[in-house]
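Enquirer: heads up, no residue letters with this:
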């Protein structure tokens, strides 16, 4: 049986705390959906607090990836990010909104945002540039954060 935790230890996060967690974390889970089928993917992201947007880069391994297919069919997406330094102390943020391809004129801002807080695994050497990337933005229209501090 799971231990009972007092409700008073779990509280909502302020807007500033939500912004900080989105800036500090470089990876989370993007949840996409197509006709009642959900698809969650761990992915790096950039957060633009000024515009209220998250940016994601998809690498295209072939003609069409499952991730790309789901993204194209998703009307609204959600994204979760968290930090849990211990089992008694954690914080999490869930945002949702419209998912759209990144427009060509937005790429300079997107690249700057990704440089600020996105985490990239070393899939390629620095001398081997990444090819055939797709960019997506989640335009945040709802967000919430919860945290719990140890007893």
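Expert: Yep, it's here. Note that the structure is predicted; figures quoted are calculated from it, not measured.

Enquirer: hey, let's count contacts and neighbours off CA atoms from now on
Expert: Noted.

Enquirer: what helices or strands is the one helix or strand residue 82 maps to leaning on?
Expert: Using DSSP states H and E, residue 82 falls within strand 76-86. Applying 3 or more CA pairs under 8 Å, 6 or more residues apart in numbering; DSSP states H and E, we find strand 76-86 packed against helix 15-24, strand 27-34, strand 89-101.

Enquirer: if you set the cut-off to 7 Å instead, what comes out?
Expert: Contact analysis of strand 76-86 by 3 or more CA pairs under 7 Å, 6 or more residues apart in numbering; DSSP states H and E lists strand 27-34, strand 89-101 as its packing neighbours.

Enquirer: If it's not too much trouble, I'd like these exported to JSON lines so that mean pLDDT sit alongside each entry.
Expert: Shown next, in JSON lines, are the helices and strands packed on strand 76-86 (pLDDT from 0 to 100):
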{"stretch": "strand 27-34", "mean pLDDT": "96"}
{"stretch": "strand 89-101", "mean pLDDT": "96"}
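
Enquirer: Let's have these in CSV, adding distance to residue 79 and mean neighbour count.
Expert: Shown next, in CSV, are the helices and strands packed on strand 76-86 (distance: least, CA to CA, whole Å; neighbours: other CA atoms under 10 Å):
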stretch, distance to residue 79, mean neighbour count
strand 27-34, 4, 20
strand 89-101, 5, 19
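
Enquirer: Counting neighbours, what do you get for residue 87?
Expert: 9 (other CA atoms under 10 Å).

Enquirer: now it: how far from residue 11?
Expert: Distance, residue 87 to residue 11, by CA to CA, to the nearest Å: 16 Å.

Enquirer: Same question for residue 105.
Expert: 40 Å.

Enquirer: Who has more neighbours out of these two?
Expert: Of the pair residue 105 and residue 11, residue 11 is the one with more neighbours under other CA under 10 Å, namely 13 against 8.
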